[in-house]
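K.L.:
quick one: sequence and predicted model below, then my questions.
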There are 2 protein chains.
Amino acid sequence: MSDVARIAGVSVSTVSRALSGASGVSAATRAEIKRIAGELVYTISPDASRLATGQTRRVAVVVRDTETWFYYAILGAIEPVLRSAGYDVLFYRVSSEAERDAFFDELPARRNVDAVILVAVPLSNEQVERLGDMAVPIVIAGSWIDHYTSIHIDETRAARQAMNHLIQLGHRRIARIGITDPEGDPWQPDAGRDAGYRAALEASGIDFDPQLNVRMEFSLDGGARAMDQLLSLDEPPTAVFAFSDEVAIGAMRSLRRVGLHVPGDVSIVGVDDHPMAELSDLTTVRQPVREMGTHAARLVIDTLGGNTVEGNVELSTQLVVRGSTASPRGLQWRS
Amino acid sequence: MSDVARIAGVSVSTVSRALSGASGVSAATRAEIKRIAGELVYTISPDASRLATGQTRRVAVVVRDTETWFYYAILGAIEPVLRSAGYDVLFYRVSSEAERDAFFDELPARRNVDAVILVAVPLSNEQVERLGDMAVPIVIAGSWIDHYTSIHIDETRAARQAMNHLIQLGHRRIARIGITDPEGDPWQPDAGRDAGYRAALEASGIDFDPQLNVRMEFSLDGGARAMDQLLSLDEPPTAVFAFSDEVAIGAMRSLRRVGLHVPGDVSIVGVDDHPMAELSDLTTVRQPVREMGTHAARLVIDTLGGNTVEGNVELSTQLVVRGSTASPRGLQWRS
DNA sequence: CTGTTAGCGCCTTCAC
DNA sequence: GTGAAGGCGCTAACAG
């Protein structure tokens, strides 16, 4: 910077002001300084200005994994919003329990970012307590924690939308494929959908059968294995409510393998509205993932801008009926 | 840090040494200092130490998009390697031409990271020239640029593996679904596969038909639309070599929609070995994406560690035959 | 509008 | 093994 100042014949303060866009510099000087800086391919040292201002201009985005649609879709929505507001995105992935432990043990984000976005990361109670030690604003996307700003869907309602659709079609023996919670701590999205599943059954006077409520790893394979397990029951389900479209598609594969048809033999509903859902003709409960991401990013920006921010945003979901659901064999559609 | 020093009754230099793991501190003092730091939930200010050392301990990972398997899979592989080596991952997504222009115009990574990993980002010639201005080591993953360290597959060979499989099955009328290059500049992965496609045809004495060589947007939809286009030809292909599994799955959807069967009516081969490929029973050319990611990360770490590094790593691909390919109707398998 | 003067919080010689 | 002093490159008052 001193080079630029010398060549321009001004002080470094002026250069700093000119380049940072601060007011108090004549247009002419600013232009000249910018020209020279451009010629020298000079860029302000972010770290030095961070040290001086105390602002990192960085936001941490913490995701549970990268291979599940929900996470990469939301990451893709968050990044441009943050970037256009001048924030760098620091990317953290905490897939395993061990990685989460390490993350909360070392707090690599501490003093390293201005804010943190936690994207549906399953947290133990101790980890929730550690959140406070980060000493920066925290926004939760895709799940929620008391006393923290969050944006998410009504999981229970989403589950009911799916379930009511199946029940209305005449299904009585409806399974749910959920997600294993990593360490026994309840993970809200799954817990919420579980609650919705049970509530819908109860509202229709259908007995809850624990054998039909299975949990598996969050992946295509998990869905396939869960379906295998359900098919091995004495009385298999006629319909399945899957945690996500990926899980649902995995389940469909298992059905195809044993020669069962969707929806002829088994109906399936997912959640997400994954791009693949349309191609697989999968009925699903659409959740506004991109909107969740951009909104979360805006919440962060607003908070850092000194504005107060709504504490708990709930986005609505929508049933998308496609070809993977129908009335069970021998039953008529009872509209 | 001065707090810790005061409480511990030592100087800040000692605290710095103790916490940074530098030698020259007695084990006892170090332990005591660490204890106190832990108690105070004190963390070294990364920016201050960056300023002092001149190292950012950050690496930029630049991807073309987040919704394509190749990119998020490789990102998932890169992150843990970098993190365990003590580097933060700065995430940049440059989907559109405009974003790429902005990225190379502002060089947000300049002076902001110790190294850059470019993941198969399509670059214009001017942008390639700008790379030098970043003034940090650059590693290319999934494509290559002269004079830069890169890791990638032999795209031409991958295409030939797919094509030879189809040709051996007896197909003569084989289409290729490629990817549109954003600004007319050749994008190596597509160009390489195009070359392999043509070479394989020529080697078998099959005439190249430009109508069969289409390019579309890189997505499920792109694949579907490309297939629609191919089906509208007077003489549609009996086999398709798709740029990726996602493109291939999109194409399969189009076929299903018009009642055509895979592989009965049309055979399809993809590239990647996407998790969905197995579920879709899709024949594909597997590329080692995770390995590419971890290797790219290691190349960065080695380079920053002061080691010289191989300039151009080529990983091999492997044909995975599944159920989406068969001999064309009326022809026998000629093994 | 512009220059001067202090730090921001840490690391790094250099002495002791 | 430990402390003191200087500086990394920038920003933020405060003068002028």
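P.N.:
Arrived safely.
K.L.:
could you pull up the residues touching the closest residue to A:Gly178 other than its chain neighbours?
P.N.:
Distances taken as CB to CB, 6 or more residues apart in numbering or on different chains put A:Arg215 closest to A:Gly178, at 4.3 Å, once the chain neighbours are dropped. Quick note: C-beta positions are derived from backbone N, CA and C, even for glycine. For A:Arg215, the contact set (CB atoms under 8 Å, 6 or more residues apart in numbering or on different chains) comprises A:Ile177, A:Gly178, A:Ile179, A:Thr180, A:Asp181, A:Asp190, A:Ala226.
K.L.:
so the third one sits against A:Trp187, correct?
P.N.:
Yes: applying CB atoms under 8 Å as the test, A:Ile179 and A:Trp187 come out as touching, 6.9 Å apart.
K.L.:
would you mind listing the outside residues contacting stretch A:12-32?
P.N.:
The contact list for stretch A:12-32 (CB under 8 Å, 6+ apart) reads A:Met1, A:Ser2, A:Val4, A:Ala5, A:Ala8, A:Val10, A:Ile33, A:Lys34, A:Ala37, A:Ile44, A:Ser49.
K.L.:
per-residue pLDDT of the last one, please?
P.N.:
Here, the pLDDT recorded for A:Ser49 equals 94.
K.L.:
repeat for the fifth one
P.N.:
Looking at A:Ala8, its pLDDT stands at 91.
K.L.:
what of the first one?
P.N.:
The predicted local confidence for A:Met1 comes out at a pLDDT of 84.
K.L.:
in contact with it: list those residues for me.
P.N.:
For A:Met1, the contacting residues are A:Val12, A:Val15, A:Ser16, A:Tyr42, A:Ile44, A:Ser45, by CB under 8 Å, 6+ apart.
K.L.:
quick one: name the residues of the stretch 51-200 of chain A near chain B.
P.N.:
Counting by CB under 8 Å from any CB of the partner chain, the stretch 51-200 of chain A comes close to chain B at A:51, A:56, A:61, A:65-67, A:72-73, A:75-76, A:79-80, A:83, A:88-93, A:99, A:107-108, A:110-112, A:133.
K.L.:
6 Å instead, please
P.N.:
Contact residues (CB under 6 Å from any CB of the partner chain) of the stretch 51-200 of chain A with chain B: A:51, A:66-67, A:72, A:75-76, A:79, A:88-91, A:93, A:110-112, A:133.
K.L.:
highest neighbour count among the residues you listed?
P.N.:
The residue in these with the most neighbours, by other CB atoms under 10 Å in any protein chain shown, is A:Asp88 (26 neighbours).
K.L.:
pull up the gap between that residue and B:Arg58, please.
P.N.:
As judged by CB to CB, to the nearest Å, A:Asp88 and B:Arg58 stand 9 Å apart.
K.L.:
which neighbours do these two share?
P.N.:
B:Leu90 (CB atoms under 6 Å, 6 or more residues apart in numbering or on different chains).
K.L.:
rewinding a little: out of the residues of the stretch 51-200 of chain A next to chain B, which sit inside helices?
P.N.:
The helices, defined by DSSP state H, take in A:Leu51, A:Tyr72, A:Leu75, A:Gly76, A:Glu79 from those.
K.L.:
please report how far the last one lies from B:Tyr87.
P.N.:
In this structure, A:Glu79 and B:Tyr87 are 19 Å apart, going by CB to CB.
K.L.:
repeat that for A:Thr43.
P.N.:
Going from A:Thr43 to B:Tyr87 by CB to CB gives 20 Å.
K.L.:
which one's more surrounded, the two?
P.N.:
Taking neighbours as other CB under 10 Å, A:Thr43 and B:Tyr87 compare with B:Tyr87 leading, 22 against 19.
K.L.:
dihedrals phi and psi, the nearest residue to that one once chain neighbours are set aside?
P.N.:
For B:Tyr87, ignoring the flanking residues on the chain, the nearest one in space by CB to CB, 6+ apart is B:Val59 at 4.9 Å. Per-residue torsions, B:Val59: phi -130, psi 130 (degrees, to the nearest 10).
K.L.:
just the one 3 residues further on next, same as before
P.N.:
According to degrees, to the nearest 10, the main-chain angles of B:Val62 amount to phi -110, psi 120.
K.L.:
surely it meets B:Leu118?
P.N.:
Yes: using CB atoms under 6 Å, B:Val62 makes contact with B:Leu118 at a distance of 5.1 Å.
K.L.:
just the buried members of the contacts of A:Met1?
P.N.:
The neighbour-count test (16 or more other CB atoms under 10 Å in any protein chain shown) applied to the contacts of A:Met1 identifies A:Val15, A:Ser16, A:Tyr42, A:Ile44, A:Ser45 as buried.
K.L.:
among these, name the ones in helices.
P.N.:
Using DSSP H, the members of these that fall in helices are A:Val15, A:Ser16.
K.L.:
residues touching A:Ala48, list them.
P.N.:
Neighbouring residues of A:Ala48 by CB under 6 Å, 6+ apart: B:Leu51.
K.L.:
distance check, it against B:Val81.
P.N.:
Using CB to CB, A:Ala48 is found at 29 Å from B:Val81.
K.L.:
could you do A:His274 as well?
P.N.:
With distances taken as CB to CB, A:His274 is found 28 Å from B:Val81.
K.L.:
any low-confidence regions in the stretch 201-335 of chain A?
P.N.:
Counting by pLDDT under 70, the stretch 201-335 of chain A contains low-confidence residues at A:330-335.
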